[in-house]
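**Student:** what follows is a predicted protein model with its sequence.
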Amino acid sequence: MTFVESFTEAKDPSRPETNEDRIVVLPERAYAVVDGATDKSGKRWDGLTGGQIAAEAVADEVIAVALSDVPAPSGRVLVDRIARKIRAHYVRLGIEAEAEADPLSRFSASLALALAVPGGWRLYRVGDSGIRLNGTETLLEEGLLDPIYSLFRTALWHGFAAQGLAVDEIDRRARQRLVEGAAHPSEDSTLVLAARNRAVALAIDRFPVLSAEEVGPVLDHGLRRQAGYRDRSHLYRDRAHPLGYGPLDGWPISDRFIHVDERPRASIRSIELFTDGYYGVAAGARLADWEAWLDGVQREDPHRIGRFASTKGSVPGRNADDRSVVIVHP
């Protein structure tokens, strides 16, 4: 008998309605986690964020595929079906032209899905949600943008801390400058420039594939311009852009951002699907293990400026990100 555990929680547990993650549990058919991307605009449509709309669209399409009698789709077909579902929301809301012209205005999400197929499992991944098999094999695609932004935020955090500011103010300013970008005018321009230059140096040292000419503009423009790096591989004839990424946002993405793996049913003892809100993977394959792992992350690096550096920190009673996990023991 299949045993399943699942859990999802908003970064602020007291406001569950803000959760931009979604999970799908259809026993013996499909299991998925979906991570809606936080919308920097702060806009709401029918009371929902863009990330929530995208996540719900992805989850709806996964359910439709799982309940269909037709064979499991290829990764390309699934992604194209999801794209049509998301674009239908732009049409419904009257913002399709704006979304087509400006990737910054699009709703987006990532997906990790285990779909039952005859004799086994088909595993789909788009974005930075992951899958672990049998507690040992982790399937996860991690881009370079978030680590670069995290280096910048960490440098900003330490700079503001050196000024003796309260932790809440340090967190606020570091996040604000990260979102706005180093080129945005501010009263902290000297500190921001120093943090930017340190982050550039650290990034090109850590990721040799990058150059200062590529990293600098990322930090100058900030998180608000992150979508400018959406699937830019077509701009490079000889190689894929190292900072490009392929979100589920209603428009086509390159095949390199669509990952599909197959496993025979007999080889699978456990499947764990997780969003990036856990900041790594647990030691064991039970929900209690995942929550214990996150508790350890919180104790070691609550502000997310150390081993678990991130674009957002946490405060007492509130985590740095929404999180979701689905654990299946077939």
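**Tutor:** Good, I have the coordinates.
**Student:** pull up the distance across stretch 310-325, start to finish.
**Tutor:** 19 Å (C-alpha to C-alpha, to the nearest Å).
**Student:** actually stretch 103-117, not the one I typed
**Tutor:** Distance across stretch 103-117, first residue to last, is 35 Å (C-alpha to C-alpha).
**Student:** and for stretch 132-141?
**Tutor:** Using C-alpha to C-alpha, the span of stretch 132-141 from its first residue to its last is 12 Å.
**Student:** report the buried residues of it.
**Tutor:** Across stretch 132-141, burial judged by 16 or more other C-beta atoms under 10 Å covers 132-133, 135, 140-141. Backbone N, C-alpha and C define where each C-beta goes, glycine included.
**Student:** try stretch 275-291
**Tutor:** 275-282, 285-287, 289-291.
**Student:** inside strands: which ones of those?
**Tutor:** Secondary structure defined by DSSP state E assigns none of these to strands.
**Student:** farthest-separated two in the residues you listed?
**Tutor:** Spatially, the most separated pair among these is D276 and R286, at 19.8 Å (C-beta to C-beta).
**Student:** one step back: between the buried residues of stretch 275-291, which sits nearest H221?
**Tutor:** For the buried residues of stretch 275-291, the nearest to H221 is D276 (22.0 Å; C-beta to C-beta).
**Student:** just give me the neighbour total for the residue nearest to that closest one when sequence neighbours are not counted.
**Tutor:** Ranked by C-beta to C-beta, 6 or more residues apart in numbering and with sequence neighbours excluded, the top spatial neighbour of D276 is D128, at 5.0 Å. Counted with other C-beta atoms under 10 Å, residues neighbouring D128 total 18.
**Student:** contacting residues for the most centrally placed residue in the chain?
**Tutor:** Nearest to the geometric centre of the chain sits D128, at 4.9 Å (C-alpha atoms, centre = their mean). Neighbour list for D128: 35, 110, 140-143, 146, 276 [criterion: C-beta atoms under 8 Å, 6 or more residues apart in numbering].
**Student:** using the three-state scheme, assign it.
**Tutor:** At D128, secondary structure determined by DSSP: H, G, I helix; E, B strand; the rest coil is coil.
**Student:** hey, where'd the strands end up in the stretch 51-200 of the chain?
**Tutor:** 109-117, 120-126, 130-133, 137-139 (DSSP state E, counting those that start in this stretch).
**Student:** where are the low-confidence patches of this structure?
**Tutor:** Counting by pLDDT under 70, the ranges of the chain that qualify are 40, 231-240.
**Student:** domain-wise, how is this protein divided?
**Tutor:** Here the domain parsing of the chain from automatic domain parsing is 3-143+246-301+315-329, 145-235.
**Student:** can you map out the helices along the protein?
**Tutor:** 50-67, 75-93, 96-101, 145-162, 167-180, 189-206, 212-221, 287-300 (DSSP state H).
**Student:** mind giving me the packing neighbours of the last one?
**Tutor:** Going back to what we said before, that points to helix 287-300. strand 3-9, strand 323-329 (3 or more C-beta pairs under 8 Å, 6 or more residues apart in numbering; DSSP states H and E).
**Student:** so which of those strands is the most packed in?
**Tutor:** Highest mean neighbour count among the helices and strands packed on helix 287-300 (mean count of other C-beta atoms under 10 Å): strand 323-329, with a mean of 23.
**Student:** paired strands for it, with orientation please.
**Tutor:** Sheet pairing for strand 323-329, assigned by DSSP bridges, gives strand 3-9 (antiparallel), strand 271-274 (antiparallel).
**Student:** only the C-alpha atoms, please, for the first one, written as CSV.
**Tutor:** As requested, the backbone C-alpha atoms of strand 3-9 are provided in CSV (Å, rounded to 0.1, in the frame of the first residue of the first chain):
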residue,chain,number,x,y,z
PHE,A,3,2.1,5.7,2.0
VAL,A,4,2.1,9.5,1.4
GLU,A,5,3.0,12.5,3.5
SER,A,6,2.6,16.1,2.3
PHE,A,7,2.9,19.5,3.8
THR,A,8,2.9,23.1,2.6
GLU,A,9,3.1,26.3,4.7
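**Student:** contacts for it, please.
**Tutor:** Contacts for strand 3-9 (C-beta under 8 Å, 6+ apart): 16, 19, 21-23, 25, 27, 31, 33, 286-287, 290-291, 319, 322-329.
**Student:** next, the angle from that strand to helix 287-300.
**Tutor:** 30 degrees (axes from the mean of the first three to the mean of the last three C-alpha atoms, to 10 degrees).
**Student:** G127 and S267, how far apart?
**Tutor:** 25 Å (C-beta to C-beta, to the nearest Å).
**Student:** mind checking which of these two has more residues around it?
**Tutor:** Legend: neighbour count by other C-beta under 10 Å for G127 and S267, higher for G127 (26 against 10).
**Student:** do I have it right that the more buried one meets I253?
**Tutor:** No: under the criterion of C-beta atoms under 8 Å, G127 makes no contact with I253, lying 9.8 Å away.
**Student:** what sits in contact with each of the two?
**Tutor:** What both G127 and I253 touch, as defined by C-beta under 8 Å, 6+ apart, is the set 246-247.
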